[in-house]
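Undergrad: need the 3D shape of this:
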Amino acid sequence: QVQLVESGGGLVQAGDSLRLSCAASGFTHDYYAIGWFRQTPGKEREGVACIGMRDGSTYYADSVKGRFTISRDSAKNTVYLQMSSLKPEDTAVYYCAARWGPGSSYIAESTYRHWGQGTQVTVSI
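TA: Numbering: from 1, shown residues only. From the prediction side, this is the model:
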């Protein structure tokens with residue numbers, strides 16, 4: 001049974017950094033990708049970044065490009081989202097999700113089948 005557990009959220013000030021972790025379990029091979037999504041009340045969920053666990057290819061949304069970095073530790077089946085230069089508009093619940101297949105140059109929420117419970121990130125002015 002696939003499980004994803006996020007951690008690392010919290011309250012920070014604008015300009016600070018924060019690292020989120022997504023611990024994955026239940027996978028019997030590495031041919032899958034992990035994506036990070038975020039959602040604020042009243043808004044649609046936004047795909048932020050994704051990474052292929054086998055090939056390490058990455059994708060970033062324009063809103064976070066240059067500020068966020070996604071990486072993986074295959075030995076630990078863990079994906080990280082390093083967030084820097086945080087802005088108040090980055091405030092959201094952040095979810096990690098998994099889909100089968102390689103990394104890609106885009107992120108499509110409908111293709112992700114397994115989701116974590118989410119972790120709150122709040123960026124104050």
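Undergrad: show me the shaky parts of this structure.
TA: Counting by pLDDT under 70, not a single residue of the chain qualifies.
Undergrad: just want the most central residue of it.
TA: W36 (2.2 Å; CA atoms, centre = their mean).
Undergrad: contact partners for it?
TA: Taking CB atoms under 8 Å, 6 or more residues apart in numbering, we find W36 in contact with 20, 22, 47-50, 70, 79, 81, 94-97. C-betas here are computed from N, CA, C, even on glycine.
Undergrad: E46 too?
TA: F37, R38, Q39, A61, S63, A92.
Undergrad: now it: how far from F37?
TA: Distance, E46 to F37, using CB to CB, to the nearest Å: 6 Å.
Undergrad: thinking again about what came up before, now, which of the contacts of W36 sits nearest D30?
TA: V79 (11.8 Å; CB to CB).
Undergrad: how far away from the center of its chain is the strand or helix carrying the closest one?
TA: Assessed by DSSP states H and E, V79 sits inside strand 78-83. Remark: strand 78-83 is offset 7 Å from the chain centroid, using CA atoms, centre = their mean, to the nearest Å.
Undergrad: one more: stretch 15-27?
TA: Distance, centroid of stretch 15-27 to centroid of chain: 7 Å (CA atoms, centre = their mean).
Undergrad: got the contact list for that stretch?
TA: Residues outside stretch 15-27 that contact it (CB under 8 Å, 6+ apart): 1-10, 12, 34, 36, 76-86, 94, 96, 98, 116, 119, 121, 123.
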